[in-house]
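A.B. asks: Next input, structure requested:
(one chain, ligands or ions: 1)
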Amino acid sequence: MRIRVDPDKCQGHARCYALAPELFAIDDYGLSTVVGDGTVPPGLEGRARLAIDNCPEFAVQEVGATGD
Ligand code: F3S
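C.D. replies: Numbering: from 1, shown residues only. Predicted coordinates for the structure are as follows:
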C-alpha cells in the first residue's frame, strides 16, 4: 500500500499526522507530506486508512497499483 498527500487539497488540518505520525511530516507551512515515497510499512495499513478517512479535505489518497 502506498499513500500520497495532494498538495492542492491539503489545508493543514494535521489530522493525518495526529493519527499516524510515522507516515506523515508537517512542513514549515503546516502542510502535510508523506514520509519517504509514501510506502506504508507492514502493520500501519490501518492507520493509513484512518488518515485517508479523516482528512476533511480528502487530501490523503491511496496511490493506485499502477502508481498514479
Ligand atoms: Fe492536510 Fe488533511 Fe493532513 S488537510 S495536514 S492532509 S489531515
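A.B. asks: Surely Gln11 and Glu57 touch.
C.D. replies: Yes - with contacts counted by CB atoms under 8 Å, Gln11 reaches Glu57, the gap being 5.2 Å. (Each C-beta comes from the backbone N, C-alpha and C, glycine too.)
A.B. asks: Between the two, tell me which one has more neighbours.
C.D. replies: With neighbours defined as other CB atoms under 10 Å, Gln11 and Glu57 compare such that Glu57 has more, 15 against 12.
A.B. asks: between Gln11 and Glu57, what contacts are shared?
C.D. replies: Shared contacts of Gln11 and Glu57, defined by CB atoms under 8 Å, 6 or more residues apart in numbering, are absent.
A.B. asks: Find the residue at the geometric middle of the chain.
C.D. replies: When CA atoms, centre = their mean is applied to the chain, the residue found nearest the centroid is Val60 (4.5 Å).
A.B. asks: hey, what's it bridged with?
C.D. replies: Taking DSSP bridges as the rule, Val60 bridges to Val5.
A.B. asks: what's the spacing between the spatially closest residue to Tyr29 that is not a sequence neighbour and Gly43?
C.D. replies: Sequence neighbours aside, Gly12 is the residue nearest to Tyr29 in space, at 7.1 Å (criterion: CB to CB, 6 or more residues apart in numbering). Between Gly12 and Gly43 the computed distance is 27 Å (CB to CB, to the nearest Å).
A.B. asks: So the two - more neighbours on which side?
C.D. replies: Between Gly12 and Gly43, counted using other CB under 10 Å, the more crowded position is Gly12 (13 against 8).
A.B. asks: Next, count neighbours for Tyr29.
C.D. replies: As a burial measure, Tyr29 scores 7 neighbours (other CB under 10 Å).
A.B. asks: again with Asp28
C.D. replies: Neighbourhood size, Asp28 [other CB under 10 Å]: 5.
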